[in-house]
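K.L.:
Sequence first, predicted coordinates after that:
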Amino acid sequence: MKTTHKEALINDFDKVTLKLASPERILEWSRGEVTKPETINYRTQRPERNGLFDEKIFGPEKDFECYCGKYRGIRFKGIVCEKCGVEITRSVVRRERMGHIELATPVAHIWFHRGIPSRIALLLGISASDLEKVVYFAGYIITKVYPEEKLRLLKDLESEFKAKVKVGSVVITKLDGTAKGGGALIACAITKAKVKFIGVGEKIDDLEVFKPKNFISRLLGFGDLEALLEKAKEAIPEE
């Protein structure tokens, strides 16, 4: 079988490289912006305007005929219809013309997100699982904190909380002897609610009267200093 010159050029290559096009290159290739997700109108069986098959962007559906039908025939070749904006040309151009979609928010490409190793995770210095939570809106990363704005939001939250819930005092349970109760104590400080009892459980035996000094000393790993002093006084006889 004889090979034509065109086939020889198509088959004459040493390697194939795949890479992502830059935003600037995509705009160079694009014939227009797609703004609607629609494809074909089920009534007219014609491409929807500004949709994924828009004739103004990708070319006419029929050879040398515009969308509105004002121009028909090869004699109008190259003319752009002033009514519908479709160029009069062959429909085969729809195979090669491209449009673009302006994204409302940046996206993470799957090549750099799910690859091994994850390039984006390496650049940010976080785990791939944490990155996946952010990408799929299951979590977020705080990159900068503004103290003034944080204080303002806390005050607004305090006012809203007080307006909805009348809190006089609080019982904090399940502290389990660690710093996990710090968040609850901060919330109490913001709402100006007094802490009456704390404990590692919800039963009566698990609760004790809240004494800030004792709690802080245990939190810092010093134990109950007041209890130790009491035991020391009992052990050392007074002169």
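P.N.:
Perfect, I can see it now. Residues are numbered from 1 along each chain as shown.

K.L.:
by contact count, what packs against the lengthiest helix in the chain?
P.N.:
Secondary structure of the chain per DSSP state H: the longest helix is helix 147-164. In terms of contacts (3 or more C-beta pairs under 8 Å, 6 or more residues apart in numbering; DSSP states H and E), helix 147-164 is packed against helix 182-191. Where C-beta positions appear, they are placed from N, C-alpha and C, glycine not excepted.

K.L.:
for the record, mean pLDDT for the helix it packs on?
P.N.:
In this model, helix 182-191 has a mean pLDDT of 65.

K.L.:
what are the C-alpha coordinates of stretch 120-137, in PDB please?
P.N.:
Extracted C-alpha coordinates of stretch 120-137, given in PDB (Å, rounded to 0.1, in the frame of the first residue of the first chain):
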ATOM      1  CA  ILE A 120       0.500  20.600  45.500                       C
ATOM      2  CA  ALA A 121       0.800  18.900  48.900                       C
ATOM      3  CA  LEU A 122       4.600  19.000  48.700                       C
ATOM      4  CA  LEU A 123       4.600  22.700  47.800                       C
ATOM      5  CA  LEU A 124       2.300  23.600  50.700                       C
ATOM      6  CA  GLY A 125       4.000  21.300  53.100                       C
ATOM      7  CA  ILE A 126       0.800  19.400  54.100                       C
ATOM      8  CA  SER A 127      -0.400  15.900  53.800                       C
ATOM      9  CA  ALA A 128      -2.300  14.600  50.800                       C
ATOM     10  CA  SER A 129      -5.300  13.800  53.000                       C
ATOM     11  CA  ASP A 130      -5.500  17.400  54.300                       C
ATOM     12  CA  LEU A 131      -5.100  18.800  50.800                       C
ATOM     13  CA  GLU A 132      -8.000  16.500  49.600                       C
ATOM     14  CA  LYS A 133     -10.300  17.900  52.400                       C
ATOM     15  CA  VAL A 134      -9.600  21.400  51.200                       C
ATOM     16  CA  VAL A 135     -10.100  20.600  47.500                       C
ATOM     17  CA  TYR A 136     -13.400  18.900  48.100                       C
ATOM     18  CA  PHE A 137     -14.600  21.600  50.600                       C
END
